[in-house]
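Q: Sequence first, predicted coordinates after that:
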Amino acid sequence: MAYIDGFVVAVPAANKEAYRQDAAMAALLYMEFGATRFVEAWGDDVPEGKVTDFRRAVKAQPDEVIVFSWLEFPNKAVRDAANAKARSDPRMKTMGAQMPFDGQRMIFGGFVPSRDERVQAKPGYVDGSLEPVLAGNQNAYRAMASRLAAVLKEHGALRVVDAWGDDVPDGKVTDFKGAVKATGDEQVVFSWIEWPSKEARDAGWAKAFADPRMRTDNAPYDERRRVHGGFVPLLDEQAGATRA
């Protein structure tokens, strides 16, 4: 089964190009090590929340922008091997010595997708979100997510992915669990929706919100602690795709 490494980073707005260049170099390495896709998406529509939000998740400063990113692998074994190679690769160590962001505040973890969907089309816009879900509600969450995904795709979404927390470490400064204030019996779900463009995303959500199938009386997670935002792809490398 496919495996996802998810990340959320706070990057100074002035360092956008330096970040993109570093990400492009890292993408080449991870593709060499077996990753099938490497995506970095720059914050565009990232709202403040009453309880949680992406900016609080990484303790973002006023001049920083949220980056939502992920790597896709064929399976967990390939992911583990790729990360082991990256840790010992001198090229990665060189990049790590001069990162254009505060690595201590980056949150990261490994996730298992509920649905293993594959698309080759590169999206023009991405909605990213994190949800805290009780372990006992996993089946109910998957059923709800599957129903909502079908509606969103009917209204223009290219791809909808929900990935269940599997290897989500505690951090010293920030982590995924803290991002959604997860309790001891909750796991973090890393989710994203790919759209052709921001215009398609806005129109799609307008139609979806008016669709009675989207109504959920008893969501299997605490909606108040859901973290979400809209992002513009900064880098999207896919194995087998022709480089632009």
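A: Yes, it's here.
Q: Dihedrals phi and psi, the residue of the chain most remote from its centre?
A: What lies farthest from the middle of the chain is P212; by CA atoms, centre = their mean that is 27.2 Å. The phi/psi pair for P212 (degrees, to the nearest 10) reads phi -60, psi -20.
Q: begin at 16 from here
A: With 16 as the first residue, the last one maps to P227.
Q: contacts for the worst-scoring helix or strand of the chain on mean pLDDT?
A: Using mean pLDDT, DSSP states H and E, helix 105-111 stands out as the lowest-scoring helix or strand of the chain, at a mean of 84. Helix 105-111 has contacts (CB atoms under 8 Å, 6 or more residues apart in numbering) with 37, 40-41, 44, 101, 118. (Glycine included, C-beta is placed from N, CA and C.)
Q: Return the set of buried residues in it.
A: Neighbour counts over helix 105-111 (16 or more other CB atoms under 10 Å) mark 107, 110 as buried.
Q: Just after that helix, pick out the following helix or strand.
A: strand 122-128 (DSSP states H and E).
Q: and that following strand, how far from the chain's centre?
A: Here the centre of strand 122-128 is set off from its chain's centre by 8 Å, with CA atoms, centre = their mean, to the nearest Å.
Q: quick one: the helices in this protein?
A: 31-47, 69-72, 91-103, 105-111, 153-169, 191-194, 213-224 (DSSP state H).
Q: So for H243, which of the ones you listed sits nearest?
A: When those are compared by CB to CB, helix 69-72 sits nearest H243, at 7.8 Å.
Q: helices and strands around the longest strand that the chain contains, which ones?
A: Counting by DSSP state E, the longest strand found in the chain is strand 242-253. Of the remaining helices and strands, those touching strand 242-253 by 3 or more CB pairs under 8 Å, 6 or more residues apart in numbering; DSSP states H and E are helix 31-47, strand 52-60, helix 69-72, strand 79-88, strand 140-149, helix 213-224.
Q: A96 - how many residues pack around it?
A: Here the number of neighbours of A96 (other CB atoms under 10 Å) works out to 13.
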